[in-house]
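> turn this into a model:
(chains A and B, ligands or ions: 2)
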Amino acid sequence: MLEVKNISFVADGRKILDNVSFRLEPGSFLVITGPNGSGKSTLAQILMGIKKPSAGQILFDSQDITEFSVTERAKLGLAFAFQQPVKFKGLTVRELLEIAGKNVEGVLTKVGLDPTEYLDRELSSTLSGGELKRIEIASALAREAKLTIFDEPEAGIDLWSFEKLTDTFSELRDQTKDRSIMIISHQERILKIADQIMILEKGKIKSFGPATEILPKILEGQK
Amino acid sequence: MRLSEEVKQIFCEVAELTEIPAGAYNFRVNGKSVGRQSSENIDIKPKTDVSGLEIYIKADTKNEIVHIPVAISVTGIEEDVYNDFHIGDNSDVTIVAGCGIYNCGGENSVHNGIHRFFIGKNCKVKYIERHLGLGRGAGGKILNPTTELEVGENSEATLYMEQLKGVDSTIRITKANLAKDAHIVVEERLLTHGRQTAESVYQIELGEDSTADINSRAVARDISRQKFASCIVGNSRCRGHSACDAILMEDASVLAEPALDAKSPDAALIHEAAIGKIAGDEIIKLCSLGLTEAEAESKIINGFLK
Ligand SMILES: Nc1ncnc2c1ncn2[C@@H]1O[C@H](COP(=O)(O)OP(=O)(O)OP(=O)(O)O)[C@@H](O)[C@H]1O
Ligand SMILES: [Mg+2]
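Ligands and ions are numbered 1, 2, ... in the order given. A predicted model of the protein is given here:
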């Protein structure tokens, strides 16, 4: 469903991504990990069309989408939960989620927020960082996209809610055969539910393969 | 009462009126009162010295609404209208004002509305004012509202003031004097486009233990120009907050001149001002949910001005 071919990204004369290539089959559950600054968010933003690659090609369902806008990619079935949630003065949680999809209450429940309490709140600083982050994740879930990318969904989320969130991700993996999930994460709990793991380091793929193969190596390395 | 289609449209947009309202009202069209009704508790009388109304609201009046919309549908009218509201103690009332100008001709049409509120003790007063310009004539549609409030002890005034399209030039002046334990909340929404200019000036005097919360949200488009100037004066222990938030589009410009004048060490006054373009990440976020850039922009603007 997704084919990334020789993607490079250069900023300020520095190669942030260096010739990255990989393929995802439908129904994949990939977790990307790697040190801070290794290029994970940059890769995700390039996939969503937020950044333009300096070189390379992206195919989605065999279609070349390298030149497509964010809107076009969203309409084709890509969704993205930002690492830093966006705030909106004047937009409510309900309005944002209604733009995203139909199951407005369901997705809020999935991220552990009570719809009756949150739907009419404004998406401003009156919400806590963790609440905003969970609403950001809910907005991506509401898309019911073919490929959903979550950039560090665990950031700023308390332990209890994080457990609920990993359950939500596992459910997603079990329920959908043709939809794929890509999660950028540093969390062992998330790495443990992955089917495949990619390690990015200094803009290059250091390893990529079945979680059963890669996870032991990561855990080994931490000792 | 026979109203032209233009006037009906104006009354609908500025006062949400599609029929004659129950309760007290005065309809002013092209410089004349075309319909007026008092109610048991609310007496509306024309002024004798100048153009305008004396509106007396009896003490203990609860949950009543006064409608005083104004429409101008001809070119070349220029009017000063003085409306005074005398609001008795313990009242809880809503006043729906608002003015629309439909100008298809070549001359300016101008409405200067001077509203003065004398609010008693323990009242709750809600004031809603919408301004609108329509018609494609070269003549200007000019609205200059002045709102002056004396807010009595333990009373609360809530002002909602909106001007979202078609007004070529406006100078809006809001002055309030708050007695002990009085409160004022202002929500202002302004949008200017084309070559329009708008100026909004606030002068708020806070008495003992009173509070003020002034929120102005503005969008300036094309080559329009806006100015926001506020002064909150804390004369004793009190709390005052004002926020001026403006979104700039195209080549528009906004000047914010907030002032705080604390005359007592117990006056807690805050001002926030933020002027800038629509944040790029807001647009990208909405595009990632399937909206086009133009759709995203209008969602953000409409939400902001709600
Ligand atoms: N437009 C840019 N100009 C200059 N440097 C950039 C730009 N965009 C990204 N970078 C740099 O690229 C590197 C990779 O950034 P990226 O955000 O992709 O890292 P990351 O792997 O997501 O890190 P983290 O784990 O901290 O989220 C960083 O060193 C960052 O400073
Ligand atoms: Mg990152």
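
> what's the residue of chain A found nearest chain B in contact with, if anything?
The nearest approach of chain A to chain B comes at residue A:90, 3.4 Å away (C-beta to the nearest C-beta). Where you see a C-beta, it was placed from the backbone N, CA and C, and this is true even at glycine. By C-beta atoms under 8 Å, 6 or more residues apart in numbering or on different chains, the residues touching residue A:90 are A:122, B:217, B:300, B:302, B:303, B:304, B:305, B:306.

> can you tell me how far the second one sits from chain A?
The span separating residue B:217 from chain A equals 8 Å under the rule C-beta to the nearest C-beta, to the nearest Å.

> find the nearest non-adjacent residue to residue B:98, please.
Spatially, and ignoring its direct neighbours in sequence, residue B:98 is nearest to residue B:14 (3.2 Å; C-beta to C-beta, 6 or more residues apart in numbering or on different chains).

> likewise residue B:173?
Using C-beta to C-beta, 6+ apart, the nearest residue to residue B:173 is residue B:146, at 4.5 Å.

> what do you get for residue A:110?
Nearest to residue A:110 is residue A:168, by C-beta to C-beta, 6+ apart, at 4.8 Å.

> give the rounded mean pLDDT of stretch B:146-155.
What stretch B:146-155 shows for mean pLDDT is 98.

> quote the end-to-end distance of that stretch.
21 Å (C-alpha to C-alpha, to the nearest Å).

> likewise for stretch A:188-203?
First residue to last in stretch A:188-203 (C-alpha to C-alpha) measures 22 Å.

> buried residues of that stretch, list them for me.
A:190, A:191, A:193, A:194, A:195, A:196, A:197, A:198, A:199, A:200, A:203 (16 or more other C-beta atoms under 10 Å in any protein chain shown).

> before we move on, what about stretch B:241-258?
B:241-249, B:252, B:254, B:256, B:258.

> for those residues, work out which two are farthest apart.
Maximum pairwise distance among the buried residues of stretch B:241-258 (C-beta to C-beta): 26.7 Å, between B:241 and B:249.

> related to what we said a few turns ago, the residue nearest to residue B:98 reaches residue B:69, doesn't it?
Yes. With contacts defined as C-beta atoms under 8 Å, residue B:14 counts as touching residue B:69 at a distance of 5.6 Å.

> quick one: which of these two has more around it?
Neighbours were counted for residue B:14 and for residue B:69 using other C-beta atoms under 10 Å in any protein chain shown; residue B:69 has more, 26 against 22.

> what about the closest residue to that one other than its chain neighbours, neighbour count?
Spatial nearest neighbour of residue B:69, excluding adjacent residues (C-beta to C-beta, 6+ apart): residue B:15 at 4.1 Å. Using other C-beta under 10 Å, residue B:15 has 25 other residues around it.

> wait, what's in contact with residue B:15?
Here residue B:15 is in contact with B:67, B:69, B:96, B:97, B:98, B:130 (C-beta under 8 Å, 6+ apart).

> show the contacting residues for the fifth one.
What it means is residue B:98. Counting by C-beta under 8 Å, 6+ apart, residue B:98 makes contact with B:14, B:15, B:69, B:70, B:128, B:129, B:130, B:131, B:132.

> tell me how far the second one lies from chain A.
What that stands for is residue B:15. 23 Å.

> do residue B:210 as well
Applying C-beta to the nearest C-beta to residue B:210 and chain A gives a distance of 24 Å.

> isn't that residue right next to residue B:185, touching?
No. Applying C-beta under 8 Å as the test, residue B:210 and residue B:185 come out as separate, 11.9 Å apart.

> these two: which has the busier surroundings?
Using other C-beta under 10 Å as the criterion, residue B:210 and residue B:185 rank with residue B:210 on top: 28 against 16.

> run through the bridge partners of that one.
Residue B:210 has the following beta-bridge partners by DSSP bridges: residue B:238.

> check contacts around the closest residue to ligand 2 within chain A.
Going by C-beta to the ion, ligand 2 is nearest to residue A:41 of chain A, at 3.1 Å. Listed by C-beta under 8 Å, 6+ apart, the contact set of residue A:41 reads A:83, A:151, A:184.

> helix/strand/coil for the first one?
The three-state label for residue A:83, taken from DSSP: H, G, I helix; E, B strand; the rest coil, comes out as coil.

> ok, it - how many residues close by?
Residue A:83 - counted by other C-beta under 10 Å - has 17 other residues nearby.

> my guess is it contacts residue A:155. True?
Yes. Between residue A:83 and residue A:155 there is a contact at 6.7 Å, judged by C-beta under 8 Å.

> bridged to the residue in the stretch 101-250 of chain B that ligand 1 sits nearest to, which residues?
Proximity of the stretch 101-250 of chain B to ligand 1 (C-beta to the nearest ligand atom) peaks at residue B:248, 24.1 Å away. Listed by DSSP bridges, the beta-bridge partners for residue B:248 are residue B:220.

> I'd say it and residue B:254 touch.
Yes. Taking C-beta under 8 Å as the definition, residue B:248 is a contact partner of residue B:254 at 6.2 Å.

> figure out the helix or strand that the residue nearest to residue B:84 when sequence neighbours are not counted lives in.
What sits nearest to residue B:84 in space, not counting adjacent residues and going by C-beta to C-beta, 6+ apart, is residue B:116, at 4.8 Å. Here residue B:116, judged by DSSP states H and E, is contained in strand B:109-119.

> give me every residue in chain A lying close to chain B.
A:48, A:50, A:69-71, A:73-75, A:79-80, A:82, A:84, A:86-91, A:95-96, A:99-100, A:139, A:143 (C-beta under 8 Å from any C-beta of the partner chain).

> which of those are buried?
Applying 16+ other C-beta under 10 Å to these flags A:48, A:50, A:70-71, A:73-74, A:79-80, A:82, A:86-91, A:95-96, A:99-100, A:139, A:143 as buried.

> where exactly do the strands run in the stretch 51-200 of chain B?
Along the stretch 51-200 of chain B, the segments classed as strands by DSSP state E, counting those that start in this stretch run B:52-57, B:62-67, B:70-72, B:78-87, B:92-96, B:99-102, B:109-119, B:124-134, B:141-151, B:156-165, B:169-178, B:183-192, B:197-206.

> just the C-alphas of the second one, formatted as PDB.
Extracted as PDB, the C-alpha positions of strand B:62-67 are listed here (Å, rounded to 0.1, in the frame of the first residue of the first chain):
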ATOM      1  CA  LYS B  62     -37.300  40.000  34.800                       C
ATOM      2  CA  ASN B  63     -36.500  38.200  31.500                       C
ATOM      3  CA  GLU B  64     -37.800  40.800  29.200                       C
ATOM      4  CA  ILE B  65     -36.300  41.800  25.800                       C
ATOM      5  CA  VAL B  66     -36.300  45.300  24.200                       C
ATOM      6  CA  HIS B  67     -35.700  45.400  20.400                       C
END
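
> chain center to it, what's the gap?
Once both centres are worked out by C-alpha atoms, centre = their mean, to the nearest Å, strand B:62-67 turns out to sit 18 Å from its chain's centre.

> please list the residues outside that strand that contact it.
With C-beta under 8 Å, 6+ apart, strand B:62-67 has contacts from B:15, B:17, B:21, B:23-27, B:39, B:41-42, B:44, B:55, B:57, B:91-96.
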